[in-house]
Structures are given as C-alpha cells and as structure tokens.
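Q: please work out how this folds:
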Amino acid sequence: MTLRSSTLDGALLWLALALLALGPLGHVPGLRIGVVSAMLFWLCWRTWQARQAPADAIPVWRPMLAWGALALLSLSWSVAPALSGEHWWQDILMPFVAGAASYRLASARGTRPALLLAVGTSVLLVFILSLFPAEQLLLLDGDRPGLAYYYPGQGEASNLAVYTLPFWLLLALGGGPLRRLGWLGWLCLPLTLYIGFASTNRMFWLAVIAGIAVFVLLYRPPKARTLLALAAGIVVLMALAYVPFVERMTALYQDARANPLAATVHKDLRPAAWRFWIAEAGQHMPLGKGFGRYTPGADIPPARIPGLAVADMQASSSLAHSHHWLLNVALQLGLPGLLVSLWLAGALLRQMWRALALPQTRSAGAAGLALLTIVFMKNSTDDFLTGGPAVLLWCYFGILLALCRPTDAPGTHAPRS
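A: All right, here's what the predicted structure looks like:
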C-alpha cells in the first residue's frame, strides 16, 4: 500500500494516533465511535479509488467476514435481538474496521514509528493513572474525581497493558528496521508491568510469563542457555513482584489473613459460575443464545446466576457473563461459533508463523504469536474481547500483521510524496 500525502490520508493517520494514545482511557466512547467511523469511510474510499480486492484490506478477511456474518445472522434466534445488534456493531464491526485500517496504515513503513509511539503514549497515560491511590480509582458508586474518571478499571487496565507487551519485546529485543525505537521498548516494559501490579490482577502475571516465553523461544533458536536465562528471569520477576503484590492486595481488600492471594483464589466464585454456564450452553446447542457478551444472561433472572454481583439483583436484564472467552463463544453462537472463532485464530496464527521463516520479519512473527498467547491466557478467566479493549486489540493485530509482511512485499511501500 502507498499512503498518499493527501489531506484525507493525513487526517486519518492523526485520528488513528489519537485512538491508539487515548483509547485505553475510560469514558471515551465518543472518541472510539468517531475515529472508527472515519476509518470506515476512509477504507471504503480507498478501496473504491484503487479498485482493490478485500485481501488488500487485511490478510485474514475471510474468517473475519464469516465471524461477522454468523453473529449478524444470530439476531434471528437471539434471546435478546436488540442487545445482540448493539454488541454486533460494538464488538465486531468497530474492532474489525479498526484492525483493517491499522493494517493499511502500518503497511506504509513511514507510519510505523508514529503508530508505536502512540501505543507507548497510552501506556504512559494509564501508568500515570495507576499511581493514584486505589480508593480514588476503584470507586464502585458515584462520580470519579479528576483524572481518576478516566482510569479504565482493574480488568481493562491489566488487559490493555499486557496486550501491548509484545510491542515492547519486539522493540527492545528484536532489532531490525525499528531498532531506533529500542528505547521505547525498554521504557514501556517496566511501565506495563507496573500497571499490571497496580491492578492486582493475577492472570496478568501468567499472561506476561507466557508471552515472554513464546517471544524468546520463537525469536531465537532455543538453546540451553536461552532456556536457563528465561527460567531465571521468570523466577526473579516473580520473586520481586510477589511480596509487594500481596501487600497491595492486603491493603486494597483489607484482608488481614496471612496469604490474601491464596485466599482470593479459594473464595473465587468463577468455578461455580462456569458450571452454571456450561450447563446453559449445553441446553442451547447447536446455535447458542445469540451474539453478545451479555446476551446469554438476558433471559435469566440475575439471582439465579452464581457469582453475579450487581447493585440491583432484581434488574430486568442480567449483567452477568461466563468469564471465559471460549465458553462465551459457545453460549452465544454454539458449535458454528466455536468453529469460526478457531478458524479466525488459526488464520492469525498462520500469518504470524509464516513470518518466522524470514529474518527480517521473524521478530514481528514472534511478537504476533506472543500476543495470541497472551489473549488466550488473559481471557481464560474473563472476557475482554468486547467494546473498547476489542477495538484496540484489533488495532494491535493490524499493526503486527503489517509488520509480519516482508518490506518488499506488495502493499508495503514507503509513502510517496
């Protein structure tokens, strides 16, 4: 792709940078909707102007199209069609448009440093918010004061932070055409880890370990010393983080027991909820209950769902969901949804695995596979593949897919004047 120096292209690039930099903040849905709408117009205009095939929009367009079509079709059998329709444009249309636009923007090499700097800016902003006292950031009721109003929340903050980790590994260790941004990788790595620490999210650390391991083992041929260094680094990271992490959990949850980390695992309500939702999914095979994170619970009285904690237990529609991405897919779209989602994940994996074969794209392929691993790990106890996190995740996938293409491949030209 050639990114022309037109007013339209330049404006879209600036809008994309704003989305990447400010999108992780809480309470900015207007920004997301406005920028993605502009991206959709830009994609349609450029596709019509250049008479390009869909494959030029993003390499994995076929499973993306199939996933969107299946979700849209589910409105005909959804238990809450209006809710499914709302989820469709928020959780599929907007993320996929953002991913395709990010891929095309990042396919012009001259734009890549700016895009990565924007992602780094978002980490810096969330890091600054994470420095606020927890009682100012985690209010459950009422208005949030000052900058704390824009804190994404514990779950989203840790997800968005760990989704950016592969970029910092790529810049810090990967070298290649982006080696001049190595300083950005080394700067954002500790900021990302602190955001996860401040959120007190346990799965963050498992996702970090898995992501780092995948990147290191795929970027360099695994040797004995590499494996030993990786194991030693993980042990040191866990040793340094464990004590302050437990102390923060103790202060945050006012739990005076000897091991609040183990206590939170012991009293976790998700296993009971998973048993409930597995039974619910089995009753609605093979097509599921309709697309949308909250659609499967829309026809169930909230008091019946184990682990549900909302202010109004008599709410007419439940705010519960299964807290597991694969289980949520089975609940929403049944067996066809599971097959199409695995097709989409396999298509992403294939693009990134192929990049490992070439020296100039090997680090990008390793980063992409690390991101896939992180997404699966982080969403195994929750489901943040919706809304704002989904839009940003697909922006990240789009950028990494562009980085996985050889610089001499069609569509990866530098901008022309």
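
Q: any regions of the stretch 301-417 of the chain where pLDDT drops low?
A: Scanning the stretch 301-417 of the chain for pLDDT under 70 picks out 307-319, 407-417.

Q: can you pull out the helices in it?
A: In the stretch 301-417 of the chain, helices defined by DSSP state H, counting those that start in this stretch lie at 325-355, 362-378, 387-403, listed in chain order.

Q: export these to CSV and tack on distance to residue 121 and mean neighbour count?
A: Where you see a C-beta, it was placed from the backbone N, CA and C, and this is true even at glycine. Converted to CSV, these look like this (distance: least, Cβ to Cβ, whole Å; neighbours: other Cβ atoms under 10 Å):
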stretch, distance to residue 121, mean neighbour count
helix 325-355, 25, 19
helix 362-378, 19, 24
helix 387-403, 13, 25
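
Q: wait, which of these is closest to residue 15?
A: In terms of Cβ to Cβ, the element of those nearest to residue 15 is helix 387-403, at 11.8 Å.

Q: with only the CA atoms kept, save the closest one in CSV.
A: Written as CSV, here are the backbone C-alpha positions of helix 387-403 (Å, rounded to 0.1, in the frame of the first residue of the first chain):
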residue,chain,number,x,y,z
GLY,A,387,-16.0,-2.9,23.3
GLY,A,388,-13.0,-0.6,23.7
PRO,A,389,-10.5,-3.4,24.5
ALA,A,390,-11.6,-5.2,21.3
VAL,A,391,-11.1,-2.1,19.2
LEU,A,392,-7.6,-1.6,20.5
LEU,A,393,-6.7,-5.3,20.3
TRP,A,394,-7.6,-5.4,16.6
CYS,A,395,-5.6,-2.2,16.1
TYR,A,396,-2.6,-4.1,17.6
PHE,A,397,-3.3,-7.1,15.5
GLY,A,398,-3.5,-4.9,12.4
ILE,A,399,-0.1,-3.3,13.1
LEU,A,400,1.6,-6.7,13.8
LEU,A,401,0.1,-8.2,10.7
ALA,A,402,1.7,-5.4,8.7
LEU,A,403,5.0,-5.9,10.4
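
Q: now do that helix: which elements does it pack against?
A: Helix 387-403 sits against helix 7-22, helix 29-50, helix 94-106, helix 112-130, helix 154-173, helix 325-355, helix 362-378, with contacts defined as 3 or more Cβ pairs under 8 Å, 6 or more residues apart in numbering; DSSP states H and E.

Q: would you list those helices in TSV and tack on distance to residue 201?
A: Output for the helices and strands packed on helix 387-403, formatted as TSV (distance: least, Cβ to Cβ, whole Å):
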stretch	distance to residue 201
helix 7-22	22
helix 29-50	23
helix 94-106	22
helix 112-130	12
helix 154-173	4
helix 325-355	16
helix 362-378	9
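
Q: those helices: which one's closest to residue 384?
A: The nearest among the helices and strands packed on helix 387-403, by Cβ to Cβ, is helix 154-173 at 4.5 Å.
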